[in-house]
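In: Provided below are the primary sequence and the corresponding predicted coordinates.
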There are 2 protein chains.
Amino acid sequence: MSSTAKTKLEKSLCEWNGTIQKKGSPNNSRILRFKEGFRWSSVKTEKYKEGDRESWSSVVRMVLIGNRGESTKFSLRYFEISPKGYSSLERHRHEHVIVCIRGKGQIVINKRKFRIGYLDTVYISPDTIHQLVNPYDEPFGFFCIVDSKRDRPVVLS
Amino acid sequence: MSSTAKTKLEKSLCEWNGTIQKKGSPNNSRILRFKEGFRWSSVKTEKYKEGDRESWSSVVRMVLIGNRGESTKFSLRYFEISPKGYSSLERHRHEHVIVCIRGKGQIVINKRKFRIGYLDTVYISPDTIHQLVNPYDEPFGFFCIVDSKRDRPVVLS
């Protein structure tokens, strides 16, 4: 593509101002812009879990889809585990879908441990004991998609 | 991490053989390995749509989660639009969540056009007219997450 054509193409694009339809609606279309350091515009960084501080270490969560008026039957979250961190070893009826997008990590599934790398996609079936672990030197970040309505995890020791 | 420690760590990992629990179960945990050229192990490349050949061009789809016995209330698909390709301009009641993972592209939302790049995440609210377009020189690939039960899109001209 010539640079003139490229400029023309880019000039025809709309500026992004947060939401796409009118403000005030509970359910606007929106673009969450990806930012340096694996953050997204207008998405806050939260603790992995409130309470239960014993079973996990060095994990943060961000909810991209699921807590702003959407009626999707799923939530899209991003979790990041710092080097040497780990999530709770747990089990639940609901399924997990995990997509690694930053660094690499390991997943424990029923006492077996597997390495997962960039864009590897994991499906964890109901009632499967699992844990995400980062024994490496870089942050391990992944999307986790779950049903909106789901049972409470049972944390194992 | 020393190279000895690293080797020990990697040696403790299980080999990956497709599914994690016993074969024959309709609902095994599994890891879909990401492969060169934006493909995943055991995931086949399909046409974007059967029929309706007029409204779209140069799009393929892969279903990562949703057609192998999962009971999730969502499906995870990967779509890829070749340079100069585009999806149907359409509208439906169900919501779309789109995450760009390859190249960049444009999204038309209610007659406005926005550029989307790496890991930008788009939420398309119900009944919003939309279309994905690739006017660039490289493939534009994105995850699209939708509810498993959803209405049929209305294709617009």
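Out: Received, thanks.
In: Do I have it right that A:Val99 meets A:Ile116?
Out: No - counting by CB atoms under 8 Å, A:Val99 does not reach A:Ile116; the two are 9.2 Å apart. Bear in mind the C-beta positions are built from the backbone N, C-alpha and C, glycine included.
In: Name the residues contacting each of the two.
Out: By the contact definition CB atoms under 8 Å, 6 or more residues apart in numbering or on different chains, A:Val99 and A:Ile116 are jointly contacted by A:122, A:142.
In: Any stretches of chain A with poor pLDDT?
Out: A:1-12, A:14-27 (pLDDT under 70).
In: and the most centrally placed residue in it, what does it touch?
Out: With distances taken as CA atoms, centre = their mean, A:Tyr78 lies nearest the centre of chain A, 1.7 Å away. Going by CB under 8 Å, 6+ apart, A:Tyr78 touches A:38, A:40, A:43, A:61-62, A:64, A:101, A:141-144.
In: ok, now A:Gln131?
Out: A:86-90, A:107-108.
In: which residue ranges form the strands in chain A?
Out: A:30-32, A:34-35, A:39-40, A:46-47, A:57-65, A:74-86, A:90-91, A:96-102, A:105-109, A:112-116, A:121-124, A:130-133, A:140-147, A:154-155 (DSSP state E).
In: mind putting the ones you listed in TSV, distance to B:Leu156 included?
Out: TSV is the format used below for those (distance: least, CB to CB, whole Å):
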stretch	distance to B:Leu156
strand A:30-32	21
strand A:34-35	29
strand A:39-40	30
strand A:46-47	39
strand A:57-65	25
strand A:74-86	26
strand A:90-91	45
strand A:96-102	31
strand A:105-109	42
strand A:112-116	40
strand A:121-124	32
strand A:130-133	42
strand A:140-147	29
strand A:154-155	48
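In: Nearest to B:Pro135 among these would be which one?
Out: Closest approach to B:Pro135 among the strands of chain A is made by strand A:30-32 (17.6 Å; CB to CB).
In: Quick check: buried residues in the closest one?
Out: Residues of strand A:30-32 classed as buried by neighbour count (16 or more other CB atoms under 10 Å in any protein chain shown): A:30-32.
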